[in-house]
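**Student:** test case, fold it:
(one chain, ligands or ions: 1)
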Amino acid sequence: MTDGRVDALLSDLTLDEKLRLVRGRPDPEGRATGYVPGVERLDIPPLRLVDGPLGVRDREATAFPATIALGAAWDPDLARRLGRALAAETRARGHDVLLAPGLNIVRVPTGGRNFEYLSEDPELTSAVGAAYVDGVETGGVGATAKHFVANNQEHRRDTVDAVVPERALREIYLPGFRAAVDAGASAVMAAYNRVNGHYMSEHRRLLDGVLRGEWGFDGVVMSDWWGTHDAAAAAEGGLDLEMPGASAVELFAPHSRLLRALLRLRPSDRLDLDPPLLWRLVDRLADEGQPDPYPFDFFGDPLRAAIADGRVAEATLDRKVRHVLGLYERAGLLDGDGPDGRTPPGESRTDAPSVDWDAHHDLAREVARRGTVLLANDGTLPLGEDDSLAVVGPNADEAKVGGGGSSEVTPTRTVSPVEGLRAGASRVTFERGVKRVANPSMFDLPGSGLRRRVRSGPDFDAAVQAAADADAAVVVVQDGATESEDRASMALPGEQDRLVRAVVAANPRTVVVCRSSGPVAMPWADDVAAILQTWYPGQADGAALADVLYGADPGGRLPVTVGRRFEDYPVAGDERRYPGVDEHVHYDEGVFVGYRGFDRDGVAPRFPFGHGRSYADFEYADLTVERVETPGNDGVNAPALDATVTVANRADRPGRAVVQAYVEPPDPPGATARPGRELGGFASVALDPGERRTVSLAVPRRALARYEPGAGWTVDPGEYALVVGRSSRDGRGRATVEIAD
Ligand code: BGC
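**Tutor:** Below you'll find the predicted structure:
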């Protein structure tokens with residue numbers, strides 16, 4: 001298909017038909033998360049969009065590990081494979097666009113959706129995010145980079161104004177989206193929040209100016225669900241597609257007549273019903289982190305009226321329709337033959353391929369293992385196969401498949417930690433110890449029976465006794481995060497910290513397995529034998545855990561700083577910075593997010609960004625750095641430094657090294673402060689016992705540059721050091737290069 005076909009269609013469409021293409025509707029089958037009805041008269045079929053990003057949210061699908069676990073694997077190739085698998089499942093379920101990946105930066109350690117994002121660092125987010133997008137797109141499905149931009153907290157996300165300095169936007173929050181655009185993302189989802197005074201769904205400077213103008217994005221900009229506020233402002237601001245363009249009543253109606261009835265009642269009309277649980281979902285749809293669920297329709301009649309009275313030109317609508325039809329074209333939906341090389345050879349996008357669900361379960365297991373971070377180990381791990389084990393923890397008998405919200409996936413199967421370990425060892429006991437931690441779900445309907453019933457009550461003393469009687473204890477702890485609200489604190493919910501302390505007092509060979517959405521406080525960290533951070537490991541949870549406990553090298557490194565307490569993070573200490581005051585959250589820490597802030601403030605984290613141990617033992621040698629010039633390409637993504645370093649595995653077992661290169665820039669002129677160290681490149685390499693490999697790292701220009709408002713990306717002259725090592729605080733080699741211009 002050519003532009004000519006889009007042009008021809010555009011000239012055939014009536015105004016009503018054009019309006020049908022810029023506004024989502026409920027899917028008549030009730031399966032798609034988003035649905036554009038198409039125009040039957042002109043053979044434009046419906047377009048189907050589905051959540052994302054941990055798996056496909058339609059019937060059963062593989063519940064892959066949380067996005068932050070993928071970030072922890074530090075491996076773009078793995079992300080590409082995951083993207084391909086997600087594309088296959090999306091197509092198998094009959095959808096065209098996946099509402100993923102989530103590319104927001106982890107700014108607030110307690111952010112409710114941290115598990116849906118990759119990291120606190122723009123370089124890591126860009127490299128892994130771009131590969132994810134590439135995998136989804138080359139798998140024949142449109143990827144949606146979301147939530148553009150500065151949706152870094154769930155608290156009041158639908159109204160809050162993120163007041164972000166231009167430099168921080170450019171250096172920290174935008175790069176992941178730019179990388180996704182460069183990798184070919186078909187769509188971008190505008191965030192709910194405002195940025196510097198304007199709702200993102202109508203942010204002309206960022207949507208039209210930066211995204212389309214500077215970056216050349218020619219795909220579709222859609223709103224987040226119910227995230228449009230004004231027809232003319234959104235139309236002029238650069239939004240193409242209002243999603244879902246239907247009220248919550250309409251959207252959820254196919255699922256539940258009860259819900260439809262409940263949602264129709266405004267709070268003032270409600271009956272005094274007991275239990276109040278009946279109102280839970282209704283309230284959640286209207287609470288502070290959620291948009292108003294009542295009727296929405298801006299790109300329908302209101303846009304028609306704005307065009308009629310000249311507030312919006314019809315040519316503006318045509319541009320939107322052109323973008324939407326462009327997405328159809330890329331999807332191979334207009335002529336059904338997968339014409340543009342994006343659809344896998346020999347298949348059209350409309351073919352529903354069969355999925356090898358076993359292979360995808362294995363991939364989920366691999367990603368979970370590769371995303372597992374061995375935070376501490378006194379030699380207790382790996383466990384011996386003959387060790388008797390006490391598995392303790394409130395939810396250790398269920399897989400932690402994800403957090404709450406739109407990313408929830410119904411898994412094809414699950415392996416709990418208890419099941420996984422029982423498959424690997426002969427003597428495994430299980431005691432819950434303390435009350436189960438609730439796994440919040442946005443889709444729990446009152447009385448639906450989705451809540452898990454726990455038959456036996458927790459017995460704290462029995463758990464401690466089981467630990468005392470076993471050769472080693474594995475305590476599985478977790479948080480319970482969900483979209484639309486931030487976690488109240490970094491502490492583990494309930495009595496889990498007390499449980500860990502009691503178990504370690506009973507058995508010094510205690511391993512803590514932490515399943516959390518992001519960093520949690522670990523007050524017992526110095527007292528336990530080993531800690532594994534497994535995030536939300538997805539449906540293969542227990543299988544991956546058994547792999548690692550019995551000797552598979554965990555490939556993960558921290559994609560976020562684990563601080564000792566919330567107060568240590570750069571966003572703490574001033575409610576203007578977080579959670580915000582009067583609907584404004586001020587990003588006063590500027591570019592000093594995550595480790596950049598810990599380093600500036602001289603605060604010791606509990607575990608630094610990039611940290612993660614291996615069962616093997618690596619040595620770094622022969623670091624070289626050279627300046628490279630790409631004639632005619634002075635873009636920020638052009639390679640600027642070429643580094644090589646030799647990594648040797650000195651252990652008698654295989655392992656995975658994650659080589660990290662940090663740039664130490666010269667002091668910029670004037671009062672501008674730069675982070676002391678910033679990630680510039682990385683590589684994940686598997687090494688056999690005794691193996692030695694020379695690894696090349698290309699450091700892009702943006703890692704050397706700073707963004708100077710007014711002047712743009714600026715590389716200051718002076719001496720740049722490249723520190724190569726095992727974490728942001730564990731350099732194993734240093735080389736310098738002089739940049740003159
Ligand atoms: C979320 C999006 C999601 C959409 C559709 C919103 O609440 O912010 O990430 O894609 O719902 O489910």
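**Student:** quick one: name the residues of the stretch 451-600 of the chain near the ligand.
**Tutor:** Contact residues, the stretch 451-600 of the chain versus the ligand (C-beta under 6 Å from any ligand atom): none. Placement of C-beta: from N, CA and C, glycine included.
**Student:** residue of the stretch 451-600 of the chain closest to the ligand, please.
**Tutor:** Residue of the stretch 451-600 of the chain nearest the ligand, by C-beta to the nearest ligand atom: E483 (6.2 Å).
**Student:** try the stretch 201-350 of the chain
**Tutor:** For the stretch 201-350 of the chain, C-beta to the nearest ligand atom, closest residue to the ligand: W225, 4.0 Å.
**Student:** just say helix, strand or coil for that residue.
**Tutor:** coil (DSSP: H, G, I helix; E, B strand; the rest coil).
**Student:** so it touches Q290, yeah?
**Tutor:** No: taking C-beta atoms under 8 Å as the definition, W225 is not a contact partner of Q290, at 9.5 Å.
**Student:** helix or strand for the closest residue to the ligand within the stretch 601-741 of the chain, just tell me which one.
**Tutor:** Here the stretch 601-741 of the chain gets closest to the ligand at one residue, F609, 25.3 Å apart by C-beta to the nearest ligand atom. Per DSSP states H and E: F609 is located in neither a helix nor a strand.
**Student:** I figured it hits G725, correct?
**Tutor:** No: contact criterion C-beta under 8 Å: F609 and G725 do not qualify, at 11.9 Å.
**Student:** what's near enough to touch the residue of the stretch 451-600 of the chain closest to the ligand?
**Tutor:** 112-113, 116, 154, 289, 403-407, 442 (C-beta atoms under 8 Å, 6 or more residues apart in numbering).
**Student:** any weak-confidence spans in this protein?
**Tutor:** Applying pLDDT under 70 to the chain flags the ranges 1-3, 249, 252-288, 293-295, 336-353, 443-456, 631-634, 741.
**Student:** nearest residue to the middle of the protein?
**Tutor:** Y117 (2.2 Å; C-alpha atoms, centre = their mean).
**Student:** so that residue touches A100, yeah?
**Tutor:** No: counting by C-beta under 8 Å, Y117 stays clear of A100, with 11.0 Å between them.
**Student:** coming back round to it: if you count what's nearby, which of F609 and G725 comes out ahead?
**Tutor:** F609 (27 against 19; other C-beta atoms under 10 Å).
**Student:** burial measure for V500, as a count.
**Tutor:** So V500, with other C-beta under 10 Å, has 27 neighbours.
**Student:** in this protein, what residue comes closest to the ligand?
**Tutor:** For the chain, C-beta to the nearest ligand atom, closest residue to the ligand: S406, 3.3 Å.
**Student:** for Y199, which non-adjacent residue is closest in space?
**Tutor:** H229 (5.3 Å; C-beta to C-beta, 6 or more residues apart in numbering).
**Student:** for the one you found, what are its contacts?
**Tutor:** 199, 201-202, 298.
**Student:** which ones among these are found in strands?
**Tutor:** Y199 (DSSP state E).
**Student:** of the contacts of H229, which is the most crowded?
**Tutor:** S201 (29 neighbours).
**Student:** was I right about that one contacting G237?
**Tutor:** Yes: between S201 and G237 there is a contact at 7.0 Å, judged by C-beta under 8 Å.
**Student:** neighbour count: W225 and Q290, which is higher?
**Tutor:** When W225 and Q290 are compared for neighbours, W225 comes out ahead with 25 against 21, by other C-beta under 10 Å.
**Student:** about what we covered before: show me what contacts the residue of the stretch 601-741 of the chain closest to the ligand?
**Tutor:** F609 neighbours (C-beta under 8 Å, 6+ apart): 120-121, 558-561, 594-595, 679, 727-728.
**Student:** if we can go back for a sec, what touches both of Y117 and A100?
**Tutor:** T67.
**Student:** residues in contact with the residue nearest to R194 when sequence neighbours are not counted?
**Tutor:** Of all residues not flanking R194 in the chain, D161 sits nearest, at 4.0 Å (C-beta to C-beta, 6+ apart). By C-beta under 8 Å, 6+ apart, the contact list for D161 reads 193-197, 583-585.
**Student:** and those, which of them are buried?
**Tutor:** By neighbour count, with 16 or more other C-beta atoms under 10 Å, the contacts of D161 hold 193-196, 585 as buried.
**Student:** in a markdown table: those residues, plus secondary structure.
**Tutor:** A markdown table is the format used below for these (three-state DSSP):
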| residue | secondary structure |
| --- | --- |
| N193 | coil |
| R194 | strand |
| V195 | strand |
| N196 | coil |
| V585 | strand |
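**Student:** would JSON lines of these with distance to P165 be doable?
**Tutor:** What follows is the buried ones among the contacts of D161, written out as JSON lines (distance: C-beta to C-beta, whole Å):
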{"residue": "N193", "distance to P165": "16"}
{"residue": "R194", "distance to P165": "15"}
{"residue": "V195", "distance to P165": "11"}
{"residue": "N196", "distance to P165": "9"}
{"residue": "V585", "distance to P165": "13"}
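**Student:** contact residues of this protein facing the ligand?
**Tutor:** 33, 51-52, 99, 146, 224-225, 406.
**Student:** swap the cut-off to 8 Å and go again
**Tutor:** 33-34, 51-52, 57, 99-100, 102, 113, 116, 144, 146-147, 151, 157, 189, 192, 224-227, 243-244, 290-291, 405-407, 483-484 (C-beta under 8 Å from any ligand atom).
**Student:** so S126: helix, strand or coil?
**Tutor:** S126 - assigned by three-state DSSP - is helix.
**Student:** and V163, what are its phi and psi?
**Tutor:** phi -90, psi 100 (degrees, to the nearest 10).
**Student:** how many residues are close by it?
**Tutor:** Neighbours of V163 (other C-beta under 10 Å): 18.
**Student:** contacting residues around it?
**Tutor:** 196, 584-587.
**Student:** same check, this time on D622
**Tutor:** Contacts of D622 by C-beta under 8 Å, 6+ apart are 644-646, 694.
**Student:** just put these in JSON lines and tack on neighbour count.
**Tutor:** Converted to JSON lines, those look like this (neighbours: other C-beta atoms under 10 Å):
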{"residue": "T644", "neighbour count": "15"}
{"residue": "V645", "neighbour count": "24"}
{"residue": "T646", "neighbour count": "16"}
{"residue": "T694", "neighbour count": "12"}
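**Student:** out of those, who's nearest V108?
**Tutor:** V645 (34.0 Å; C-beta to C-beta).
**Student:** how much space separates the residue of the chain positioned farthest from its centre from S516?
**Tutor:** Most distant from the centre of the chain: D309, at 41.7 Å, with distances by C-alpha atoms, centre = their mean. Using C-beta to C-beta, to the nearest Å, D309 is found at 52 Å from S516.
**Student:** kindly report the same for V699.
**Tutor:** 31 Å.
**Student:** next: G635.
**Tutor:** From G635 to S516 the distance is 38 Å (C-beta to C-beta).
**Student:** hang on, G403 packs against R515?
**Tutor:** No: with contact defined as C-beta under 8 Å, G403 does not count as touching R515 (10.3 Å).
**Student:** intersection of neighbour lists for those two?
**Tutor:** Y536.
**Student:** so who does the closest residue to W524 other than its chain neighbours touch?
**Tutor:** Spatial nearest neighbour of W524, chain neighbours left out: V500 (4.8 Å); criterion: C-beta to C-beta, 6+ apart. Contact partners of V500, counting by C-beta under 8 Å, 6+ apart, are 475, 477, 510, 512, 524, 528.
**Student:** for R93, state which of the residues you listed is nearest.
**Tutor:** V477 (33.6 Å).
**Student:** which other residues reach the helix or strand hosting the closest one?
**Tutor:** Assigned by DSSP H and E, V477 belongs to strand 472-478. Under the criterion C-beta under 8 Å, 6+ apart, residues 380, 383, 387-396, 400, 417, 421, 433, 437, 466-467, 492, 496, 499-500, 503-504, 506-507, 509-516, 529, 549 lie in contact with strand 472-478.
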